[in-house]
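Novice: 3D, please:
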Amino acid sequence: METEITQKNDPRNYIGYDLMGFPFNRRYPPNKKMFGETYYGYPTKGEGVLLYDYVVMGYDVEFTYKGEKYYLLNDGEGVLTDEKFSLRKKVYESPMSLVENLVIDGKPLLQVAPEITDIEPV
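Specialist: Next up is the predicted model:
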């Protein structure tokens, strides 16, 4: 039996909850006053999908960077995987850890996030 994660029992220390009970990325909080609602309060779609859809909401993600496709699995751990989401190429303790530590083209994922194209939660 799977337990539903709520504001009261959420074990993820990088997730916060606003006054209305909506989750947000506590480590990299959105700034909706500066960036608006388009990318959940982040400056680019890449940052919004990675920091909100992937880390907070738990969606898997696929994206393209410099013509190469990447696939991220969120199964409680953060996993760089293949297009079928079956091969675990690199595994991190959490999706937040993957976003902070995965290196692509010699750069951290968050640094290349503004250059990511065709990013979508799946």
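
Novice: in this structure, which spans are helices?
Specialist: According to DSSP state H, the chain carries its helices in the segments 32-35, 45-48, 95-101, 109-112.

Novice: which one of these lies closest to residue 119?
Specialist: helix 45-48 (5.3 Å; CB to CB). To be clear about C-beta, it is placed using only N, CA and C from the backbone, and glycine gets the same treatment.

Novice: contact partners of the closest one?
Specialist: 28, 30, 38-42, 63, 110, 112-116, 119 (CB atoms under 8 Å, 6 or more residues apart in numbering).

Novice: which ones among these are found in strands?
Specialist: Residues of these located in strands (DSSP state E): 63, 119.

Novice: pull out the buried members of the contacts of helix 45-48.
Specialist: 28, 30, 39-42, 63, 110, 112-113, 116, 119 (16 or more other CB atoms under 10 Å).

Novice: endpoint to endpoint, stretch 51-71 covers what distance?
Specialist: 15 Å (CA to CA, to the nearest Å).

Novice: how far is it from where the chain is centred?
Specialist: In terms of CA atoms, centre = their mean, to the nearest Å, the centre of stretch 51-71 is found 7 Å from the chain centre.

Novice: re the thing from before, between the buried ones among the contacts of helix 45-48, which sits nearest residue 52?
Specialist: For the buried ones among the contacts of helix 45-48, the nearest to residue 52 is residue 40 (4.2 Å; CB to CB).

Novice: for the closest one, give me phi and psi.
Specialist: Main-chain torsions, residue 40, degrees, to the nearest 10: phi 60, psi 20.

Novice: so it is in contact with residue 28, correct?
Specialist: No - with contact defined as CB atoms under 8 Å, residue 40 does not count as touching residue 28 (10.9 Å).

Novice: can you count the residues close to the closest residue to residue 66 other than its chain neighbours?
Specialist: Using CB to CB, 6 or more residues apart in numbering and skipping residues adjacent in sequence, the residue nearest residue 66 is residue 105, 6.5 Å away. Around residue 105 there are 11 other residues, counting by other CB atoms under 10 Å.

Novice: quick one: residue 105 and residue 89, what's the gap?
Specialist: Note on residue 105: its distance to residue 89, by CB to CB, to the nearest Å, is 15 Å.

Novice: cool, thanks, signing off.
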